[in-house]
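Enquirer: Give me a model of this one.
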Amino acid sequence: MAGRRPWAVIVVAVLSALVAGGALVAAHQARDRPAATSTPPSASTSPSQVDVDGCVREPCAVLATVPVAGTTVELVADRGARSGRLRIGGPNSSEVIEVTVTDLGVRLTRESLQCVVSALSACVVRGSYEGGTAGQVVAGRSGKWSSLTKPFVSDAGFLALAQVTVDSGPEVVAVQHDCDRAATDCAGTPVFAQVFTMGGAEAGCTRDYSSVEALPGFPAVEIRSDQLSPC
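Expert: Predicted coordinates for the structure are as follows:
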């Protein structure tokens, strides 16, 4: 695994800077940086202009609904699907979490929402971003939900939640190309899965595979903890 130099794998974002500057704050190359430090999910509040139905700019649409641990998680998109919210608990719920990954230019679709039920349940809202995929993770336990502070990025276009380790919550699986973008076009190069904990720490990486479709269990990628090694 020595010598790997993938492109951006985790985007460290300060949302106020995204709004003001319209750009990413920083991106890191996994093989050329220290291990990520664990960052707990931050408390999320509902914007004051959002009604309990989760809509800001009419007409709104519920793009996806997923049952999670006795409740429902709905992805509500505003007109144009360039902004939206997660509505926890149904149309009359007071718990509405802003979708912030759209600040990166991600457009919401009916395929954007994925959830995994666990002791610490989680959902990811994802979409196309600069030839790959970017996503925002929201975690919940005992009826209390909050958004992780960092969006995640896969330059190979596969980003999902999966239970990889024995942790109480699922992990984030971000598939990356194993190449140096500064030297070559990465399309068609081998890929590997980079795995992060709910706290944002790097759990490890898999070996190389010939393509995203060659990953174990694709399209529901199945990775075991014993398949990971330090990135």
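Enquirer: Please make it C-alpha for all contacts and neighbour counts, starting now.
Expert: Will do.
Enquirer: which residue is nearest the middle of the chain?
Expert: Gly135 (3.1 Å; C-alpha atoms, centre = their mean).
Enquirer: Confirm that that residue sits in a strand.
Expert: Yes. Gly135: assigned to a strand according to DSSP: H, G, I helix; E, B strand; the rest coil.
Enquirer: Distance of it relative to Asp78?
Expert: Using C-alpha to C-alpha, to the nearest Å, we find Gly135 at a distance of 18 Å from Asp78.
Enquirer: Ser118 too?
Expert: Taking C-alpha to C-alpha, one finds Ser118 at 29 Å from Asp78.
Enquirer: Between the two, which is the more surrounded one?
Expert: Counting neighbours by other C-alpha atoms under 10 Å for Ser118 and for Asp78 shows that Asp78 has the greater number, 19 against 16.
Enquirer: Give me the nearest residue to that one, chain neighbours excluded.
Expert: Residue nearest to Asp78 in three dimensions, not counting chain neighbours: Cys60, with 4.5 Å by C-alpha to C-alpha, 6 or more residues apart in numbering.
Enquirer: Please list all residues in contact with that neighbour.
Expert: By C-alpha atoms under 8 Å, 6 or more residues apart in numbering, the contact set of Cys60 is 76-79.
Enquirer: any idea what sits nearest the residue nearest to the centre of the chain, other than its immediate chain neighbours?
Expert: Distances taken as C-alpha to C-alpha, 6+ apart place Arg126 nearest to Gly135, at 3.9 Å, with adjacent residues excluded.
Enquirer: does the one you found belong to a helix or a strand, and which?
Expert: Per DSSP states H and E: Arg126 is located in strand 121-129.
Enquirer: for that strand, packing partners?
Expert: Counting contacts by 3 or more C-alpha pairs under 8 Å, 6 or more residues apart in numbering; DSSP states H and E, strand 121-129 packs against strand 113-116, strand 132-141, strand 159-162.
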